[in-house]
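> quick one, structure for this:
(one chain, ligands or ions: 2)
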Amino acid sequence: MSVDLQERTAQRLIAASAKHTLDPDTEVDWEAPLLAHAPFMPWESVSLFDTPLWWGMSPQQRQDLSRHEVASLAATGIWLENLLMRMLLRHVAPLDPRSAHVQYALTEIEDECRHSIMFGRLIERLGCPAYEPHRVARRLGALFASTSDGPEVFAAALIGEEVLDQLQRRSLADETVQPFAQQVNRVHVVEEARHIGYARGELTRQWQAASAPKRVLFRATIAATVATTVGSYISPAVYSAVGLDPREAARAARTSPHRREVLRTAGERLTDRFLELGIIGGPSKQVWRRVGLLG
Ligand SMILES: [Fe+2]
Ligand SMILES: [Fe+2]
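Ligands and ions are numbered 1, 2, ... in the order given. Reported below is the predicted structural model:
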């Protein structure tokens, strides 16, 4: 991607942001009553769906689990958005503030700020705890956000954004899901499309500019990023919240063929691009398989 193309992309994204920036205050009906029996995400996307544990759960337990898993994913979203904002700030600091490229990155930070507030309100409205990724994941995330370089920044951005975006799109296509949860999904999906476009362009440009030895290193750090991110989607505490044994339930989700298929298809757009560029390759491929994003 030439500098010209990079600037044109940023100009287009700034114009799109001016047209389609959504205010969660007015786009989401925060006071709307929740429906008595509707799931908060498609049943098929709940981590335990189609496991022996699932078939032994009551309808109420299943609905509660869908509610707590949405809260856990929203909390993970806030964590990832926080890390992304830090990385974008570091990315633009040495660059020319007159460029559209820098101005768009700052616009994206504005979007992520609103999203994190929206997700915080969502968790509160769902009546769920503020789930947190594991302490080790949080430490690794903070370290990565302050040291990541070049294509690592935008590969991590895409890992954080594309898989959750696909899950939210799948939710939007399901009319049985709670309208309240769908309003939040819609705001996020509309705005993430720009972020994904920006990260894809930058990643391609920076990956192609990286030297062969650096690429070997980046493949490893990017694989570590995917393992930390996907491993943080569902806090085991959600299972205790609905009366299940957290260890047993987490193991059931991890080994569920249905769950792996959900993750694999949600990650397909991302993994196709990463395989094409060579970001997934060599020994790191095993990590992508283990987390379930590659078949
Ligand atoms: Fe976001
Ligand atoms: Fe984003």
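
> quick check, Val187 in contact with Thr21.
No - counting by CB atoms under 8 Å, Thr21 is not a contact partner of Val187; they are 9.8 Å apart. C-betas here are computed from N, CA, C, even on glycine.

> give me the more crowded residue out of those two.
Val187 (21 against 15; other CB atoms under 10 Å).

> what's the closest non-adjacent residue to that one?
Leu22 (4.6 Å; CB to CB, 6 or more residues apart in numbering).

> distance of that neighbour from ligand 2?
13 Å (CB to the ion, to the nearest Å).

> can you tell me which residues contact the residue of the stretch 151-295 of the chain found nearest ligand 2?
Relative to ligand 2, the nearest point of the stretch 151-295 of the chain is His195 (3.5 Å; CB to the ion). The contact partners of His195, taken as CB atoms under 8 Å, 6 or more residues apart in numbering, are Glu108, Asp111, Glu112, Ala157, Glu161.

> now distance to ligand 2, secondary structure and neighbour count too, for these, in JSON lines please.
JSON lines is the format used below for those (distance: CB to the ion, whole Å; DSSP: H, G, I helix; E, B strand; the rest coil; neighbours: other CB atoms under 10 Å):
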{"residue": "Glu108", "distance to ligand 2": "7", "secondary structure": "helix", "neighbour count": "22"}
{"residue": "Asp111", "distance to ligand 2": "6", "secondary structure": "helix", "neighbour count": "21"}
{"residue": "Glu112", "distance to ligand 2": "6", "secondary structure": "helix", "neighbour count": "21"}
{"residue": "Ala157", "distance to ligand 2": "7", "secondary structure": "helix", "neighbour count": "26"}
{"residue": "Glu161", "distance to ligand 2": "5", "secondary structure": "helix", "neighbour count": "24"}
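
> so where's the chain shaky on pLDDT?
1 (pLDDT under 70).

> what about the longest helix in it?
Counting by DSSP state H, the longest helix found in the chain is helix 59-92.

> mind listing what Phe119 touches?
Ala74, Ala75, Gly77, Ile78, Glu81, Val184.

> what sits closest to it if chain neighbours are left out?
Ala74 is the one closest to Phe119 (CB to CB, 6+ apart), at 4.0 Å.

> thought Arg125 was touching the one you found, still the case?
No - in this structure Ala74 lies outside contact range of Arg125 using CB under 8 Å: 10.3 Å.

> the more surrounded of the two?
Shown here are Ala74 and Arg125; by other CB under 10 Å, Ala74 has more neighbours (26 against 17).

> got a list of what the more buried one touches?
Phe119, Gly120, Leu122, Ile123.

> got a list of what the last one touches?
Same thing as Ile123. Taking CB under 8 Å, 6+ apart as the test, what Ile123 contacts is Ala71, Ala74, Ala75, Pro129, Ala130.

> can you tell me the closest non-neighbouring residue to it?
Ala71 (4.8 Å).

> how many residues are close by His258?
A count of nearby residues for His258, using other CB under 10 Å, gives 16.

> ok, and what's touching the strand or helix carrying it?
Per DSSP states H and E, His258 falls inside helix 257-266. With contact meaning CB under 8 Å, 6+ apart, helix 257-266 is reached by 44-45, 47-51, 163, 166-167, 170, 230, 253, 291-295.

> give me every residue in the stretch 51-200 of the chain lying close to ligand 2.
By the rule CB under 5 Å from the ion, the part of the stretch 51-200 of the chain lying against ligand 2 is Glu161, Glu192, His195.

> contacting residues for the second one?
Each residue near Glu192 by CB under 8 Å, 6+ apart is listed here: Glu161, Asp165, Gln168.

> next, the buried residues of stretch 59-72.
With burial defined by 16 or more other CB atoms under 10 Å, the residues of stretch 59-72 counted as buried are Gln61, Arg62, Gln63, Asp64, Leu65, Ser66, Arg67, His68, Glu69, Val70, Ala71, Ser72.

> dump those residues into JSON lines; add distance to Glu202 as well.
Formatted as JSON lines, the buried residues of stretch 59-72 follow (distance: CB to CB, whole Å):
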{"residue": "Gln61", "distance to Glu202": "43"}
{"residue": "Arg62", "distance to Glu202": "41"}
{"residue": "Gln63", "distance to Glu202": "40"}
{"residue": "Asp64", "distance to Glu202": "40"}
{"residue": "Leu65", "distance to Glu202": "37"}
{"residue": "Ser66", "distance to Glu202": "35"}
{"residue": "Arg67", "distance to Glu202": "36"}
{"residue": "His68", "distance to Glu202": "35"}
{"residue": "Glu69", "distance to Glu202": "31"}
{"residue": "Val70", "distance to Glu202": "30"}
{"residue": "Ala71", "distance to Glu202": "31"}
{"residue": "Ser72", "distance to Glu202": "29"}
